[in-house]
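In: task: produce atomic coordinates for the following.
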Amino acid sequence: MANRKGRRTERAVAGKKKPKLSLAVSTPSLKLDLGCGQNPKEGFEGVDIRGGKASRVVDLFKFPWPFEDGSVEELHSSHFLEHIPAREIEEQDLHPGDGPAMAARREQFLGQDMFFAFMDECYRILKPDCWMHVVVPSGRSNRAFQDPTHRRFFMQETFVYLNAEWRKSQGLDHYRVACNFAGDIGHSMPQEEGLRAPEALNQRINTMWNVTVDFIAKLKKLPSAGV
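Out: Below is the predicted model:
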């Protein structure tokens with residue numbers, strides 16, 4: 001009797017359908033090359049308003065950008081930041097719109113330096129602890145000044161203004177910029193310069209023209225200063 005009952009139980013269990021496993025949908029990470037021009041970085045979606053090679057046609061000098069908060073895994077921008085207009089944001093630089101949200105945007109952006117607005121948008125769309133890679137001409141090189149469309153000039157120290165703790169320590173936390181980045185700032189230089197002794201090279205980098213060619217910044221998104 002017990003054996004027949006046990007067999008019936010086994011058949012009942014065997015007849016039940018096994019639950020299906022649900023596989024998590026893999027969301028591709030979004031990586032953007034801002035101001036990609038004719039050469040989007042491999043593995044990144046190019047963002048630009050001209051050049052014909054961008055997969056996302058966006059005017060990066062109009063605010064706010066059409067990307068969600070914390071939606072981007074990595075940012076790259078090479079030889080674009082020097083083209084940011086050297087002026088404060090005006091009405092013409094804002095996307096049209098009405099309502100409380102747009103009123104708040106106007107208050108945020110109008111009168112803000114456009115470089116700081118650009119970097120604040122980079123900070124906004126990046127995920128926490130993710131990275132932005134920037135290449136700009138060295139401010140101590142012909143390369144920075146030879147192109148008549150360049151509007152900004154960068155030194156290595158320029159990037160510390162993007163760090164909230166440094167701004168506060170220097171009494172500059174009244175600047176209209178909210179982003180909080182930290183990282184490493186390196187440089188490229190002519191090959192022959194690398195053959196010099198470190199002491200001599202360091203002196204040349206800090207005092208001579210055309211020893212550094214580009215500055216290369218690797219910036220990590222830190223928690224906002226309000227956290």
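In: against residue 48, how distant is residue 162?
Out: Using CB to CB, to the nearest Å, residue 162 is found at 22 Å from residue 48. Placement of C-beta: from N, CA and C, glycine included.
In: which of these two has more neighbours?
Out: residue 162 (25 against 22; other CB atoms under 10 Å).
In: please report the distance of that one from residue 145.
Out: Look at residue 162 and residue 145: by CB to CB, they are 23 Å apart.
In: kindly report the same for residue 43.
Out: 32 Å.
In: distance between the ends of stretch 146-153?
Out: Taking CA to CA, to the nearest Å, stretch 146-153 runs 12 Å from one end to the other.
In: cool, stretch 51-62 as well?
Out: Where stretch 51-62 starts and where it finishes are 17 Å apart, if you go by CA to CA.
In: do the same with stretch 149-156
Out: First-to-last residue span, stretch 149-156, CA to CA: 21 Å.
In: could I get the average pLDDT for it?
Out: Per-region confidence: stretch 149-156 scores 97 on mean pLDDT.
In: run through who's touching it.
Out: 81-86, 115, 136-140, 144-145, 185, 187, 215 (CB atoms under 8 Å, 6 or more residues apart in numbering).
In: could you tell me which of those belong to helices?
Out: 115, 144, 145 (DSSP state H).
In: can I have the buried ones of the residues you listed as a PyMOL selection?
Out: Of the ones in helices among the contacts of stretch 149-156, the buried ones go into a single PyMOL selection, burial set by 16 or more other CB atoms under 10 Å:
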select buried, resi 115+144
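In: would you map the strands across the chain?
Out: With DSSP state E as the criterion, the chain has strands at 31-34, 45-48, 56-57, 72-78, 126-137, 181-188, 214-221.
In: could these go into CSV alongside distance to residue 173 and mean pLDDT?
Out: Listed next are these as CSV, based on distance: least, CB to CB, whole Å; pLDDT from 0 to 100:
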stretch, distance to residue 173, mean pLDDT
strand 31-34, 26, 98
strand 45-48, 30, 97
strand 56-57, 34, 95
strand 72-78, 24, 98
strand 126-137, 21, 98
strand 181-188, 15, 96
strand 214-221, 18, 98
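In: can you redo those strands as CSV with distance to residue 153?
Out: Formatted as CSV, those follow (distance: least, CB to CB, whole Å):
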stretch, distance to residue 153
strand 31-34, 19
strand 45-48, 22
strand 56-57, 28
strand 72-78, 16
strand 126-137, 8
strand 181-188, 15
strand 214-221, 11
